[in-house]
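J.: From the sequence below, what's the structure:
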Amino acid sequence: MRYGDKTAVDSLSLRVPRGSVTAVLGPNGAGKTTTLETCEGYRRPQAGTVRVLGLDPVRDRRELLPRIGVMLQGGGAWSGVRAMEMLRHVAALHAHPLDPALLSERLGLGECGRTPYRRLSGGQQQRLGLALALVGRPELVFVDEPTAGMDPAVRRSVWDLLEELRGDGVTVVLTTHYMEEAERLADLVHIIDHGRLVVSGSPLELTRGGAVSTIRLVVTRPFPPGAPESLTAALGPGTEVRLLDSLSLQVTGPADASTLARVSRWCEDNAVLPESLTLGTRTLEDVFLDLTGRELTP
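T.: Model prediction:
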């Protein structure tokens, strides 16, 4: 898919297993939304083949639409329509919809059911968008940033709901800027960058690295000049030191007692006062930064 001289999706090839939650991750401009919109039938691919539930999203659109649900990144409702009016209207378009009242209660829409869409908060609009995507009992649901703008409690209730959908055999395709969300929900992760597939695998497959772990050092005042290079020399081969910001850095490599002792000794030798020194395995965010060199930010 190209926009003028910009290639948004470049020979991208990936599959989504039935009955799974599959996360498509990438930096801003990586081609995620264009990919989803092509699968949803909103855009016709300029080259290549797309099949969703075995159907062409453009040519077989009338047959496909009753079987999928789509939660857009924004919009999807008329400005002046009340939240429950919109949900009941969309429910009426389907042959065997879920009960709008029960779905509204599950997603916490009761307090804003009579509020016009334009006056809903960002989180409330997201909850309504998810309800609109699910009310038709889809076999496959595309959710683009499903919990953006939601408070932590509501976010976790949405996670529970998406996990229940998977348990009922519904396939979920998810894009998100929350790595915690992808790590908790996804059976399979596709990371894309510059329109190309970078890597695929389960969160465990992507984050496990044998004996490789991470040490995160947070200090009370900015590191002295050349701190990453100095610490790398002190730790020796097999480790990588990355400055995260002026007050924190990350060591990737064999994270054992000897390495921790050398990091502490380096702090003492360089008059660096640690605020915290934590040991852990690589996270999905660590993998993402390693592969793309860019943070996953909204």
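J.: Please confirm that residue 191 is located within a helix.
T.: No - when classified by DSSP: H, G, I helix; E, B strand; the rest coil, residue 191 is found to be strand rather than part of a helix.
J.: and it, how many neighbours?
T.: By other C-beta atoms under 10 Å, 23 other residues sit near residue 191. C-beta coordinates here come from the backbone N, C-alpha and C atoms, glycine included.
J.: That one against residue 290, yeah?
T.: No - at 10.2 Å, residue 191 and residue 290 do not qualify as touching, with contact defined as C-beta atoms under 8 Å.
J.: average pLDDT for the strand or helix carrying residue 104?
T.: Following DSSP states H and E, the helix or strand that holds residue 104 is helix 100-106. Taken as a whole, helix 100-106 carries a mean pLDDT of 94.
J.: Other residues contacting that helix?
T.: Outside of helix 100-106, the residues within contact range by C-beta atoms under 8 Å, 6 or more residues apart in numbering are 83-84, 87-88, 91, 110, 113, 131, 134-135, 157, 161.
J.: what's whatever helix or strand comes next after it in contact with?
T.: Later in the chain than helix 100-106, the nearest helix or strand by DSSP H and E is helix 122-134. Outside helix 122-134, the residues that touch it by C-beta under 8 Å, 6+ apart are 69-72, 74, 76-77, 83, 86-87, 90, 98, 100, 103-104, 107-109, 112, 115, 117, 120, 141-143, 145-151, 154, 158, 161, 165.
J.: how close does residue 176 sit to residue 20?
T.: Spatial separation of residue 176 from residue 20 under the definition C-beta to C-beta, to the nearest Å is 15 Å.
J.: I should have written residue 160 there, sorry.
T.: Taking C-beta to C-beta as the measure, residue 160 and residue 20 are separated by 17 Å.
J.: how deep is residue 119 tucked in, by neighbour count?
T.: With other C-beta under 10 Å as criterion, residue 119 counts 13.
J.: Could you number the chain from 157 rather than 1 from now on?
T.: Sounds good: first residue 157 from here, last item residue 275.
J.: If anything else comes up later, I'll come back, but that's it for now.
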